[in-house]
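**Student:** below: sequence and its predicted model.
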Amino acid sequence: MELTMRQCRRDELSALRELSVATFTTAFGHLNKPEDMADYCEKTFGGKPLGEQMDNPESSFWFLEADGATAGYIKLNTGSAQTEDVGASAAMEIERIYVAAPFQGQGLGAYMIQRAAALAKETGKTVLWLGVWEHNERAIRFYEAHGFSRCGSHSFFLGSDEQTDILMQRDLR
């Protein structure tokens, strides 16, 4: 399988929105209240908020393609776009990383982590970090297997539901 990652273009906003809603809903819809999911998806993936995120020069969205088909995406933040100050000037945040259901279990998440680490190093970053829901044990194990360690926690609001994310970081030096 040929894998490539390419930066999303502004004219691909609707495709990014569709993929974002689909992957987020598949991952977490069965674990949360429908009204909280709907609220979060509209406030985060709606055309206006997602467009504003795409326009932020300190954020970037990347499509993952497998044999030419869109298989997932990753959102990377630097500087003030990061959701926490984890050594902001030296760090890059993976705010979102999702693989579409038909492509899961094929090493695509590992590929995106590898590419994110390479992009971070290319821009002089020494830390790659992310937040992961405390109840997502599968993802926590995945990140630990890829060199991330726990470094704190923060609140994450899914609609009106306050949840806890574990912060994890990986030293790139």
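**Tutor:** That came through fine.
**Student:** so where is the protein shaky, pLDDT-wise?
**Tutor:** Residue ranges of the chain with pLDDT under 70: 87-88.
**Student:** residue closest to the middle of it?
**Tutor:** With distances taken as Cα atoms, centre = their mean, Arg96 lies nearest the centre of the chain, 1.1 Å away.
**Student:** quick check: closest non-adjacent residue to it.
**Tutor:** Leaving aside its sequence neighbours, Arg96 sits nearest to Lys75 (Cβ to Cβ, 6 or more residues apart in numbering; 4.1 Å). Where you see a C-beta, it was placed from the backbone N, CA and C, and this is true even at glycine.
**Student:** and that neighbour, how many neighbours?
**Tutor:** Neighbours of Lys75 under the rule other Cβ atoms under 10 Å: 22.
**Student:** quick check: it vs Ser60, distance?
**Tutor:** As for Lys75, its distance to Ser60 is 7 Å (criterion: Cβ to Cβ, to the nearest Å).
**Student:** tell me the helices and strands packed up against the helix or strand Val21 falls within.
**Tutor:** Using DSSP states H and E, Val21 falls within helix 13-28. Helices and strands touching helix 13-28, by 3 or more Cβ pairs under 8 Å, 6 or more residues apart in numbering; DSSP states H and E, are helix 34-45, helix 47-55, strand 59-66, strand 69-77, strand 91-99.
**Student:** rerun that using 7 Å as the cut-off
**Tutor:** Packing partners of helix 13-28 (3 or more Cβ pairs under 7 Å, 6 or more residues apart in numbering; DSSP states H and E): helix 34-45, helix 47-55, strand 69-77, strand 91-99.
**Student:** just send those back as JSON lines, with distance to Ser20 too.
**Tutor:** Below are the helices and strands packed on helix 13-28 laid out as JSON lines (distance: least, Cβ to Cβ, whole Å):
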{"stretch": "helix 34-45", "distance to Ser20": "4"}
{"stretch": "helix 47-55", "distance to Ser20": "7"}
{"stretch": "strand 69-77", "distance to Ser20": "7"}
{"stretch": "strand 91-99", "distance to Ser20": "7"}
